[in-house]
Each structure stands twice: as C-alpha cells, then as structure tokens.
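# Build me a model:
(one chain, ligands or ions: 1)
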Amino acid sequence: MQTSFDMFIETEVPEDELIVSRTDFSGKITYVNETFAEISGYKPEELIGKPHNVIRHPDMPKSAFAEMWATLKRGEIWEGYVKNMRKDGGYYWVFAHMSTVIKEGKPVEYKSVREPVSREKKIEMQNLYDTLRSEEEGTTRAVLYVKNEKLPAAEALEA
Ligand SMILES: Cc1cc2nc3c(=O)[nH]c(=O)nc-3n(C[C@H](O)[C@H](O)[C@H](O)COP(=O)(O)O)c2cc1C
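Numbering: from 1, shown residues only. Coordinates of the predicted model:
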C-alpha cells in the first residue's frame, strides 16, 4: 500500500514540449525523449527495455488500457487521457496520441506523443476514472485523518 505523501504531488507538463515514447508490439519501451525522462523522474536508461506499465498509476482503470490496446491492434489511432505515476510516486496527466509507426509500408513499433491537460479536464477525468475503477475493480481511493494515538502501526499499513 502506498502511504507516502509524495503521491499527492503533481508535476505540471510544460505547454511547449511533447512527451514522446515508442514501444515494441508487447509494450516494452524502446525510446523516450528527454522530456519524457524529466517528467517521469526516470533516466532514459532506466526506462528502455521496461514494460510501459512502469509508469502506470493505480488510479487508471483497466478498461482504458484494454480499449487502447484493441484500438492500436486494429491499426487505428487511440487518443485519450492518462494519469501516470512518477518514479518518486508523484503524478502527471497527459493527453496521449498513440499510433503504429510504419516503415517501408510495414508496422514496426507503437508510439505515443503526449500534451498537457487543462485543470477542468483533469478533474473530469479523475472523477470518471474513479467511477470506472470502482465499478470494475471494486476499489475506492481514500484519504483519512485520524487522531495520532489511533494511528495503526507503520507495519500494518505496509501489509
Ligand atoms: C506506445 C505506448 C505508450 C504507452 N504509454 C503508457 C503510459 O504513458 N502510461 C501507462 O500507464 N501505460 C502506457 N501504455 C500502456 C502500457 O503498455 C500498459 O498496457 C498499461 O500501463 C496497463 O498496464 P497493465 O497492462 O500491466 O495493466 C502505453 C502503451 C503503448 C503501446
């Protein structure tokens, strides 16, 4: 269980830069640009070769990715809102455009190019994804304030 305060800290995606990554057909990362590395808090060499779900945020519903993969596998473009988790546990929102890279008429990889999301849209998507996750997985995110003397032991929270 994530108990760190870092997970509530948002990193803003700059307006004038694109966050780019490419994967093989199984979703393993083959390329990231400098901006991707910077925003996600990883070094490029820590990401290359890893499955793209290294930055998956627990708030993302399974159905969003299922729809994304089905669309890509049909050879179509998928566009959608994604909340990602940084290496330090923080998060950032992007609007992603994902598609197949074609070279000499053949599909060779997938790529994703991402841009920033407005505050209003982040709120709308957080609510939608909270609802979907609750329906699909039966989980609800909760933040609690409890009296110090009633705090469970740290070991209990880690379980
Ligand atoms: C080109 C491309 C880019 C992707 N970018 C992300 C991303 O930024 N964040 C993310 O959580 N998943 C991304 N994915 C989807 C992941 O591969 C994975 O399906 C997702 O994180 C769900 O993880 P899971 O399948 O282990 O549940 C991307 C996939 C592709 C093909």
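# Now do the helices in this structure.
Shown for the chain, the helices assigned by DSSP state H span residues 34-40, 44-47, 62-73, 119-137, 154-158.
# Mind exporting the C-alpha coordinates of the shortest one to PDB?
These are the backbone C-alpha positions of helix 44-47, laid out as PDB (Å, rounded to 0.1, in the frame of the first residue of the first chain):
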ATOM      1  CA  PRO A  44      16.200   7.200 -20.100                       C
ATOM      2  CA  GLU A  45      18.400   4.100 -19.400                       C
ATOM      3  CA  GLU A  46      16.100   3.100 -16.500                       C
ATOM      4  CA  LEU A  47      13.100   3.100 -18.900                       C
END
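# circling back to that earlier point, between the helices of the chain, which one is nearest to F95?
Among those, the nearest to F95 by C-beta to C-beta is helix 119-137 (7.8 Å). Yep, even glycine has a C-beta here, placed from its N, CA and C like the rest.
# Report whether the closest one contacts the ligand.
No. Judged by C-beta under 6 Å from any ligand atom, helix 119-137 stays clear of the ligand, getting no closer than 11.0 Å.
# Tell me the residues of this protein that contact the ligand?
Residues of the chain lying close to the ligand (C-beta under 6 Å from any ligand atom) are 21, 23, 27, 52-53, 55-56, 60, 65, 72, 82, 84, 98, 110-112.
# Provide a PyMOL selection command restricted to the buried entries of these.
Typed into PyMOL, the line below selects the buried ones among those, using 16 or more other C-beta atoms under 10 Å:
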select buried, resi 21+23+52+55+60+65+72+82+84+98+110+111+112
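# Spell out which two among the residues of the chain next to the ligand are the most distant pair, please.
The widest separation within these (C-beta to C-beta) is 19.4 Å, between M60 and K111.
# if we can go back for a sec, which member of the residues of the chain next to the ligand is positioned nearest D130?
In terms of C-beta to C-beta, no member of the residues of the chain next to the ligand lies closer to D130 than M60, at 10.7 Å.
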